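> Sequence plus the predicted model coming up.
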Amino acid sequence: MLTAAEIHALNRRFEHEPTEKVLAWAAERFGARAAIGTSFQGAGLVMMHLAKTHGIALPVFTLDTGLLFPETLQLKRDLEALLEIQIEAVQPDLTVEQQEEAQGPKLWKRDPDLCCTIRKVLPLQGKLGELDCWITGLRRQQSEARSQVSIVEVYVFDEATRREIVKLNPMAHWTREAVWQYLREHEIPYNPLNDQGYRSIGCWPCTRKTSQGDHERAGRWTGFKKVECGIHTFMSKKADFEI
Ligand code: SF4
């Protein structure tokens, strides 16, 4: 695993290097135990395209909650065809119907934290058990909660064993404008819901359109204080160094 000095040096270096170099470093250092996790927001599409066009072999996975928009599932198929890759769909233990039987109908309306734990956090924990480096599309501009994200972070993945995992956020310093300029320039397919006023797209029950001036993620979990699904907050950070 990385030392504190390495994390510090890598963060200083990666702030000024092209994103494909960060991805190449992950592939070289961790091999198949590094993977891009995507929910098909713009940043994930950019990373997948950069990896493909620079010949960087990185597996890709997504958390398929069973409640994704049909447009999102179609985008997954389109990207697989365009980039000639397979995107692993990591699924919860319970189908939506089994969850209804166990927890009652529309859990997301009553206890979205529990719903996200069942449908996102636990499946992700299972997937991360196979990895040493999880590559995300987090960007600082997305929300207050994400404004301090570093490119290289280390988390304690399992409190019992103190097992660690590198969380790599190569898109941390990208603006929304830069992401969309890249997607347009390279004619990369994107979620058509983006053209209908949705700016951050998750499960259909918990996603709404946003207004100008809102944070990108303001359209998630309307009516709740919740701003994160939990996949980026369930682990404790091992080291936090200034960039
Ligand atoms: S985003 Fe909503 S529907 Fe999806 S897992 Fe979380 S609470 Fe459930």
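Noted; the coordinates are in hand.

> Please, where are all the helices along the protein?
Using DSSP state H, the helices of the chain run over residues 4-14, 19-30, 42-53, 70-83, 96-103, 107-110, 112-116, 122-128, 176-185.

> avg pLDDT for stretch 111-125?
For stretch 111-125, the mean pLDDT works out to 95.

> Is that stretch positioned near the ligand?
Yes - applying CB under 6 Å from any ligand atom, one finds stretch 111-125 touching the ligand at 112, 115, 116, 119, 120. Heads up, the C-betas are built off the backbone N, CA and C, glycines and all.

> May I see those residues arranged in TSV, with distance to residue 39 and neighbour count as well?
TSV is the format used below for those (distance: CB to CB, whole Å; neighbours: other CB atoms under 10 Å):
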residue	distance to residue 39	neighbour count
112	16	20
115	16	25
116	12	25
119	12	25
120	9	22
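
> Return the residues of the chain in contact with the ligand.
Going by CB under 6 Å from any ligand atom, the residues of the chain near the ligand are 65, 67, 108, 112, 115-116, 119-120, 202-203, 205-206, 229.

> and the helix or strand bottoming out on mean pLDDT in the chain, what does it pack onto?
Least confident helix or strand, the chain: strand 236-239 with a mean of 74, by mean pLDDT, DSSP states H and E. Under the contact criterion of 3 or more CB pairs under 8 Å, 6 or more residues apart in numbering; DSSP states H and E, strand 236-239 touches strand 152-158.

> Just the buried positions in the strand it packs on, please.
Buried residues in strand 152-158, counted by 16 or more other CB atoms under 10 Å: 152, 153, 154, 155, 157.

> Need the pLDDT of the nearest residue to residue 67 once chain neighbours are set aside.
Leaving aside its chain neighbours, residue 67 sits nearest to residue 203 (3.9 Å; criterion: CB to CB, 6 or more residues apart in numbering). In this model, residue 203 is scored at 96, pLDDT.

> List the contacts of residue 203.
65, 67, 68, 108, 119 (CB atoms under 8 Å, 6 or more residues apart in numbering).

> In the beta-sheet assignment, what are the partners of it?
Assessed by DSSP bridges, residue 203 has beta-bridge partners residue 68.

> could you redo the contacts of residue 203 as a markdown table and give each row distance to residue 46?
As requested, those are exported to a markdown table (distance: CB to CB, whole Å):
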| residue | distance to residue 46 |
| --- | --- |
| 65 | 23 |
| 67 | 25 |
| 68 | 20 |
| 108 | 29 |
| 119 | 26 |
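
> Identify the farthest-apart pair in these.
Spatial extent of those (CB to CB) is set by the pair 68 and 108 at 13.0 Å.

> Nothing else from me, thank you.
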